[in-house]
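Novice: Using only what follows, build the 3D model:
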Amino acid sequence: MTGSDVSLESALSAVSETTPLVNSVTNEVTVNDVANITLHWGGLPVMSDDEREVADMVAIADGCLLNMGTVSATGEETMLTAGEAANDTGVPLVVDPVGVGATPTRTRVADRLVTDLDVDVLNGNYGEISAIAGDDAEVRGVESVGEYGDIAVSSIVCARKTGAVVVASGETDIVATDEEAFEVHTGHPMMGNVVGTGCMQGVTLAVFAAAMDDPLQAALSATAAYGLAGELAADGSFGAYHGPASYKIAFLDAVAGLADAAPDVTGRIERIEV
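Specialist: Sure thing, here's the model as predicted:
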């Protein structure tokens, strides 16, 4: 496929028409943001993270996000239970291996998630995706640092290893399968000044994957839409901002209003040779 195959209008319409229910087992730091952005895209958020009920909740959902941002022993088992329920019922599964490579515990948990579960979309920053691919990665806390000149190759390797469509977020977002990679040229530097943008991107991917049949199309559309919302918030289309806090508000408004802004991704998604 080529970047021109992506229709953001069609993707947003699919979300609007489906109103997907997405269960997120997610980072305690950003749980409210994840819930809100699910709703703003047109989905229905549910944040069940109790192992006693999570399988039942996922079974009636349309999508599932597992985010290991504040991983714990009980959270690890809950994520695996939720992921198994998603696999058993055919619910699209998005995994966000936050901080993998930073500590042995996070690396072990991430390995369990991508090995024991069938993951549809894997979302991470350059460092996290490189770590799962087995390449050199520098992850400090939950942030990616260092240089990643071969991130497209690493993303394809990661896709081959996990069987998932891989989204590597950074200065230029990469979306990859086991055979090809795309650069998505949307977004704005202000997005990096708000805690939780990676978590919100993860659930954005889950919302689009829940509404669309093709995981690659969903990942490309979601990544492009997310970046465009960041751009519109930065250019003042959804109100003036004076710093990271007011920018975040404008960004959430941009997500909610993106469909009415007639978004166009022509020339913004490029298949690259690797």
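
Novice: Next, S24: phi, psi?
Specialist: Dihedral pair for S24: phi -120, psi 120, per degrees, to the nearest 10.

Novice: and it, what does it touch?
Specialist: Taking CB atoms under 8 Å, 6 or more residues apart in numbering, we find S24 in contact with V31, V34, A35, T38, P45, V46, M47, C64, L65, N67, V203, A206. Every C-beta, even on glycine, is put in place using the N, C-alpha and C of the backbone.

Novice: Could you do G236 as well?
Specialist: By CB under 8 Å, 6+ apart, the contact list for G236 reads A250.

Novice: Just the ones in helices from the contacts of S24, please.
Specialist: Taking DSSP state H, the ones among the contacts of S24 that sit in helices are V31, V34, A35, T38, V203, A206.

Novice: Neighbour-wise, which one of those leads?
Specialist: Most neighbours among those, by other CB atoms under 10 Å: A206, with 37 neighbours.

Novice: Reformat the contacts of S24 as JSON lines; add pLDDT and distance to E171.
Specialist: Shown next, in JSON lines, are the contacts of S24 (pLDDT from 0 to 100; distance: CB to CB, whole Å):
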{"residue": "V31", "pLDDT": "96", "distance to E171": "27"}
{"residue": "V34", "pLDDT": "97", "distance to E171": "23"}
{"residue": "A35", "pLDDT": "98", "distance to E171": "28"}
{"residue": "T38", "pLDDT": "98", "distance to E171": "26"}
{"residue": "P45", "pLDDT": "98", "distance to E171": "29"}
{"residue": "V46", "pLDDT": "98", "distance to E171": "33"}
{"residue": "M47", "pLDDT": "97", "distance to E171": "31"}
{"residue": "C64", "pLDDT": "98", "distance to E171": "29"}
{"residue": "L65", "pLDDT": "98", "distance to E171": "24"}
{"residue": "N67", "pLDDT": "97", "distance to E171": "22"}
{"residue": "V203", "pLDDT": "98", "distance to E171": "22"}
{"residue": "A206", "pLDDT": "98", "distance to E171": "24"}
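
Novice: lowest-pLDDT helix or strand in this protein?
Specialist: The weakest-scoring helix or strand in the chain, judged by mean pLDDT, DSSP states H and E, is strand 143-145 (a mean of 45).
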